[in-house]
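K.L.:
dropping a prediction and its sequence here:
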Amino acid sequence: MNDSSWQPEPVPAGPAYDAQAGPQTRPMPIVPDAAGRDFDDREARDRGAAAAGGPLFRDETPPQEPMPSPPPPPSQAPQDPSPPPPKKRAGRDLRAAIGVGVGLGAVIFASLFIVKAVFVGVVVVAVVVGLWELTSRLQEKKGIKAPLVPLAVGGAAMIIAGYVRGAEGAWVAMALTALAVLVWRMTEPPEDYLKDVTAGVFAAFYVPFLATFVTMLLAADDGPQRVATFLVLTVVSDTGAYAVGWRFGKTKLAPRISPGKTREGLFGAVAFAMAAGALCMEFLVDGGIWWQGLLLGLAVAVSATLGDLGESMIKRDLGIKDMGTLLPGHGGIMDRLDSLLPTAPVVWLLLAAFVGTG
């Protein structure tokens, strides 16, 4: 449009273009611009309209100047490329964990020193809930249908038989429970029968049978003191492992099974449990000697750690973090029984060797 040779076409004369028919087209005068170029006043008018109201055509849009980006707010200001080292965290809600732990401890020790039968009932409830958690996770994650009904009934029978009849009663109840699992599973199709009954027998041994040693400890004349020793040593071992491992832990104990456990934590568990064992054997258990408590504490620290690793192995195989969500800050009942279950027969055996079963 800036071609200076462009001229408007001649307008034909006639009545169609006279003043009465409408506006007539007239030649536009040529107006030189400031640089000496010629352009007509129609183009000037068009450019003026474009300047006032925007471009007349889409391809005539003038380039926009980039807007300067505003300075970043203080919260988004450039940071130091080297972040501070992360603080160690416990990984769980400590307030909830401590509150639940104190509540459970109050219930357990109150039932333990008031009426022995009430404590046996507490153990039965814990075992049945633990079996329910274990069998539920097996079915959800692996499709294994370990029959819960015979396990729950047989587990309760094992706990009571261990308290009333000792080790002989516990073994008989265990055998009958395994047989009940085999028969109960026969009511369903034979597919995966071997897998289901194997898991059922394992669950019967792992949860209720090992728990019968707790009620066998209770059956002694100083049974509440023996059970208290067993519980205190296990809790102290776990606490020592956590405290020392959290503060000083550097060398992994079993990284493929439980990355959070360290060798330093194991040493802390041993030291705390041995000290607590010496005190418990000297002041709680009838006929106990402090050096026996040192050996007892060492054995408890090892068995509790192995029990914790054993359940961690199960949970890793199942692809879960906790067995349940019943206890805030702890997980499920099985997540609290993991170190207690394998420790019970160890404590029962050593106390029977040191001071007898009476």
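P.N.:
Noted; the coordinates are in hand. Residues are numbered from 1 along each chain as shown.

K.L.:
next one: the residue lying closest to A211 once chain neighbours are set aside from A228, what distance?
P.N.:
Distances taken as Cβ to Cβ, 6 or more residues apart in numbering put V127 closest to A211, at 5.2 Å, once the chain neighbours are dropped. From N, CA and C alone the C-beta is placed, and that goes for glycine too. Distance of V127 to A228, given as Cβ to Cβ, to the nearest Å: 19 Å.

K.L.:
what does W348 give?
P.N.:
For W348, the distance to A228 equals 14 Å [Cβ to Cβ].

K.L.:
one more: V122?
P.N.:
14 Å.

K.L.:
of those two, which one has the most company?
P.N.:
Comparing V122 with A228 by other Cβ atoms under 10 Å, the one with more neighbours is A228, at 19 against 16.

K.L.:
list the contacts of Y163.
P.N.:
Y163 makes contact with 116, 120, 212, 215-216, 218-219 under the criterion Cβ atoms under 8 Å, 6 or more residues apart in numbering.

K.L.:
centroid-nearest residue for the chain?
P.N.:
K321 (4.7 Å; Cα atoms, centre = their mean).

K.L.:
against G293, how distant is that residue?
P.N.:
Counting by Cβ to Cβ, the gap from K321 to G293 is 35 Å.

K.L.:
do the same with A243
P.N.:
On the measure of Cβ to Cβ, A243 and G293 end up 20 Å apart.

K.L.:
now swap in L326 and tell me
P.N.:
Taken as Cβ to Cβ, the span from L326 to G293 is 33 Å.

K.L.:
okay, and for the protein, where does confidence drop off?
P.N.:
Confidence mapping of the chain against pLDDT under 70 gives the ranges 1-94, 96-97, 329-330.

K.L.:
of all the residues in the lengthiest helix in the chain, which ones are buried?
P.N.:
Identified as the longest helix of the chain according to DSSP state H is helix 148-185. For helix 148-185, a neighbour-count test (16 or more other Cβ atoms under 10 Å) marks 148, 150-152, 154-163, 167, 169-171, 173-174, 176-178, 180-181, 184-185 as buried.

K.L.:
after that helix comes which helix or strand?
P.N.:
Next helix or strand after helix 148-185 toward the C-terminus (DSSP states H and E): helix 193-204.

K.L.:
name the helices or strands packed onto that next one?
P.N.:
Judged by 3 or more Cβ pairs under 8 Å, 6 or more residues apart in numbering; DSSP states H and E, helix 193-204 is in contact with helix 116-142, helix 148-185.

K.L.:
out of these, which comes closest to V207?
P.N.:
helix 116-142 (4.9 Å; Cβ to Cβ).

K.L.:
ok so, going back, redo the helices and strands packed on helix 193-204 as TSV? Include distance to P342.
P.N.:
As requested, those are exported to TSV (distance: least, Cβ to Cβ, whole Å):
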stretch	distance to P342
helix 116-142	14
helix 148-185	15
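
K.L.:
out of those helices, nearest to V285?
P.N.:
helix 116-142 (16.8 Å).

K.L.:
check which residues of the closest one are buried.
P.N.:
By neighbour count with 16+ other Cβ under 10 Å, helix 116-142 contains the buried residues 116, 119-120, 122-124, 126-135, 137-138.

K.L.:
what does stretch 260-270 give?
P.N.:
In stretch 260-270, residues buried by neighbour count (16+ other Cβ under 10 Å) are 260-262, 264-270.

K.L.:
now stretch 278-290
P.N.:
278-281, 284-285, 288.

K.L.:
now these as CSV including distance to P255 and secondary structure?
P.N.:
As requested, the buried residues of stretch 278-290 are exported to CSV (distance: Cβ to Cβ, whole Å; DSSP: H, G, I helix; E, B strand; the rest coil):
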residue, distance to P255, secondary structure
A278, 32, helix
L279, 34, helix
C280, 33, helix
M281, 35, helix
L284, 37, coil
V285, 37, coil
G288, 38, coil
